[in-house]
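**Q** Let's see this in three dimensions:
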Amino acid sequence: MHSNLIVRSASQRHGLNTSIAVLLAFILIGYFANGTNIPIIKFISILSLAFFSFYLVMDAKKSGFAAAFCVLLGCAIVISGILITTETNYTEKPSPKYNLFVQTIEEKIQNARSYSDALHIYGLVTGISSIGLGLIFAYRPTLIRIKNYLPFEYPYPIWNGKSQPMMQFSRNFVSASTFLTEKEKLLMCRFRYLLFSINGKMYLVSPEGKIPADSVIVRTKTGKTLCGISRF
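**A** Numbers count the residues shown, from 1 in each chain. Below you'll find the model as predicted:
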């Protein structure tokens, strides 16, 4: 089980690195596309962003609806911002004589371009922030989860001696560390939870937790090493 967790962690790390690389490419293409008015370049940029969006959304979809929704929303905001044109057309109109508040054509065009550029930057920052939030949901949910939140991927329930009905178990409770050898106690700091069989059912137990004295600690068949959830 411990080896499976290591493989899963390595796979998640690889997926996170790939998603970050795709996100950086997404940012560069989005920023470049916002700074140009050449239609063919914008078209190619949007196609590239659509491809990257598909990858990010499908990757985040594996981790649940919240991650996929945030990534999809962010990609849509960035692409929509690129589609906003910066071209402005004004016609000169006669203005009252001595009117000091009438803008010239150049001033109107300059102001419109400034608003458009600001809107592009705002859309890019907002979209990237939403994508980043989706990646946090997918790969680092502990950054925004409340304390003591139970991750859905844990294969066994967490043992909580205070909430377990005492009548079902032995009245003699001991520390989980008493089941460890001296060598294993030196490695105990590496584990967030250890795997125990309590009353015939598997539980993940904190190394400092109290469990019934007739519990059985679970070790691998080959190496006789501890099974559990690593802290790292």
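**Q** Provide a list of residues in contact with Y193.
**A** Shown in contact with Y193 (CB atoms under 8 Å, 6 or more residues apart in numbering): 158, 204-207, 228-229. (C-beta placed from N, C-alpha, C; glycine too.)
**Q** Which of those residues sits closest to F54?
**A** I229 (33.2 Å; CB to CB).
**Q** Pretty sure the closest one sits in a strand.
**A** Yes: the assignment for I229 is a strand, going by DSSP: H, G, I helix; E, B strand; the rest coil.
**Q** The closest residue to it other than its chain neighbours in helix, strand or coil?
**A** Once flanking residues are discounted, I229 sits nearest to Y193: 4.3 Å by CB to CB, 6 or more residues apart in numbering. Here Y193 is recorded as strand under three-state DSSP.
**Q** First residue to last residue on stretch 182-190, what's the distance there?
**A** With CA to CA, to the nearest Å as the measure, the first residue of stretch 182-190 is 15 Å from its last.
**Q** From the rest of the structure, what touches it?
**A** By CB under 8 Å, 6+ apart, stretch 182-190 touches 177, 180, 207, 226, 230-232.
**Q** List the residues that contact V205.
**A** Applying CB under 8 Å, 6+ apart to V205 gives the contacts 158-159, 176, 193-196, 198, 211.
**Q** I'd like to know how far it sits from R231.
**A** Between V205 and R231 the computed distance is 14 Å (CB to CB, to the nearest Å).
**Q** hang on, the earlier thing: looking at the contacts of V205, state which has the most neighbours.
**A** L194 (26 neighbours; other CB atoms under 10 Å).
**Q** Is that residue bridged to anything, and to what?
**A** Beta-bridge partners recorded for L194 (DSSP bridges): V205, G228.
**Q** what sits against it?
**A** Counted by CB under 8 Å, 6+ apart, L194 has contacts 176, 204-207, 217, 226-228.
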